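Enquirer: Give me a 3D structure for the following:
(one chain, ligands or ions: 1)
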Amino acid sequence: MKLLDGIRENARGKGKIIVLPESHDERVLKAAEILIKEGICQVILVGEEDTVKKRANELGIDLNKVNFVFPENYERFEEFAETYYEKRKEKGVTNNEAKKIMKNYTFFAAMLVEKGVADVCVSGADTTTGEVLRAALHIIGTAEGVKTVSSDILIITPNEGKVYSFADCAVLPDPDAEQLADIAISTAETHKRVVGEDPIVAMLSFSTKGSAKHKLVDKVIEATKIVKEKRPDILIDGELQFDAAIVEKVGRKKAPGSEVAGRANVLIFPDLNSGNIGYKIAQRIGKCEAVGPIIQGLAKPMNDLSRGCSVDDIVNVAAILCNMA
Ligand code: ACO
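Expert: Residues are numbered from 1 along each chain as shown. I've put the predicted structure just below:
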């Protein structure tokens with residue numbers, strides 16, 4: 001909890017502007033109220049001001065300091081549709097389709113970030129991960145020098161409050177070795193930036209240092225090699241089993257001499273099946289707090305939420321993004 005308090009505190013006073021497209025969702029309205037009351041950021045809600053404010057009044061939510069934009073009445077709507085058309089015409093998008101897509105609140109909100117009207121966007125309380133990610137990929141795109149968009153979930157243990165980064169648990173279903181290396185590099189950077197600790201990266205597998213031979217293991221070994229070549233400054237080792245990565249005694253036994261085994265704080269899963277299942281086990285059985293996923297690798301910050309998210313989750317993700325903007 002201390003980590004999240006610190007993240008909210010850091011975001012205050014930065015004067016960032018968030019756009020929240022899901023103005024029909026009560027949790028989003030409540031989060032907007034808290035973000036403003038706590039001074040974390042300014043808020044733009046996408047939607048019809050009168051309708052949303054009427055609903056907020058009924059719910060006892062104060063949205064007086066919130067700004068509203070409604071795509072079809074927005075003075076730059078035509079410009080936004082034209083920009084979308086230019087970005088996607090080679091993929092077969094027509095002018096008319098571009099206009100239709102710009103009426104979609106999440107795509108419109110991504111364009112507000114792309115154009116610099118807002119600094120960050122958070123969506124996904126009632127929108128699928130796929131739709132939020134597509135809006136981000138189509139409109140904002142990847143950061144310079146980055147090929148792979150992925151995600152980092154912070155897993156906070158219930159007793160000691162130790163923070164691990166788990167990746168990728170939300171974006172790329174079946175990364176190849178090159179993409180897995182990108183995920184490791186991005187997550188090491190996110191961990192340093194958001195948690196403030198030096199990353200110690202374990203590339204996870206069902207094998208530790210050759211205990212099993214399989215093409216799935218080879219991919220992890222190859223990805224580890226790529227990171228070591230590209231970023232010799234990152235402390236990384238693999239392939240390691242989960243226990244060898246985080247339990248000192250096991251690490252010493254299974255990977256003697258490894259500087260990472262037994263002390264990793266960044267855990268890179270070999271694919272989305274293992275990552276997504278792994279973080280949910282930590283959360284539901286391990287009773288860890290899961291924060292995120294924090295989407296990494298985009299040119300500007302846009303983030304997804306779980307559809308089961310709480311108001312607090314929205315506020316936390318918003319604060320993390322304001323710190324990243
Ligand atoms: N990094 C960089 N670029 C990417 C990535 C990526 N991870 N994924 C797709 N792209 C590119 C595509 O190649 C495409 O490029 P192009 O426009 O030049 O052709 C562009 O981005 C858009 O891709 P689409 O074809 O529109 O989308 P795609 O079918 O590739 O799907 C998506 C991308 C939405 C991210 C998909 O991989 C997905 O659904 N991932 C899983 C999401 C999910 O359901 N997660 C689990 C739940 S989350 C949770 O539990 C917390």
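Enquirer: Pull the residues that contact the one helix or strand residue 323 maps to.
Expert: When elements are assigned from DSSP states H and E, residue 323 belongs to helix 311-324. Counting contacts by CB atoms under 8 Å, 6 or more residues apart in numbering, the residues outside helix 311-324 that touch it are 4, 7-8, 10-11, 14, 16, 18, 20, 27-28, 30-31, 34-35, 38, 40-41, 119-120, 122, 125, 193-194, 291-292, 294, 301-303, 305-306. Quick note: C-beta positions are derived from backbone N, CA and C, even for glycine.
Enquirer: ok now it, how far from the chain's centre?
Expert: The chain centroid and the centroid of helix 311-324 are separated by 10 Å under CA atoms, centre = their mean, to the nearest Å.
Enquirer: buried residues in that helix?
Expert: By neighbour count, and taking 16 or more other CB atoms under 10 Å as the criterion, the buried residues in helix 311-324 are 311, 313-324.
Enquirer: okay, the angle between the helix or strand of the chain with the lowest mean pLDDT and helix 311-324?
Expert: The helix or strand of the chain with the lowest confidence, counting by mean pLDDT, DSSP states H and E, is helix 2-11 at a mean of 88. Put simply, helix 2-11 runs at 50 degrees to helix 311-324, going by axes from the mean of the first three to the mean of the last three CA atoms, to 10 degrees.
Enquirer: I'd like the next helix or strand past helix 2-11.
Expert: Scanning forward in sequence from helix 2-11, with DSSP H and E defining helices and strands, the next element found is strand 17-20.
Enquirer: C-alpha coordinates for the following helix or strand past that following strand, PDB please?
Expert: From strand 17-20 onward toward the C-terminus, using DSSP H and E, the following helix or strand is helix 26-37. Written as PDB, here are the backbone C-alpha positions of helix 26-37 (Å, rounded to 0.1, in the frame of the first residue of the first chain):
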ATOM      1  CA  GLU A  26     -20.300   4.700 -12.300                       C
ATOM      2  CA  ARG A  27     -16.800   3.600 -11.200                       C
ATOM      3  CA  VAL A  28     -15.200   5.800 -13.800                       C
ATOM      4  CA  LEU A  29     -17.300   8.800 -12.600                       C
ATOM      5  CA  LYS A  30     -16.300   8.200  -9.000                       C
ATOM      6  CA  ALA A  31     -12.600   7.800 -10.000                       C
ATOM      7  CA  ALA A  32     -12.800  11.100 -11.900                       C
ATOM      8  CA  GLU A  33     -14.200  12.800  -8.700                       C
ATOM      9  CA  ILE A  34     -11.300  11.400  -6.600                       C
ATOM     10  CA  LEU A  35      -8.600  12.200  -9.100                       C
ATOM     11  CA  ILE A  36      -9.700  15.900  -9.000                       C
ATOM     12  CA  LYS A  37     -10.300  16.000  -5.200                       C
END
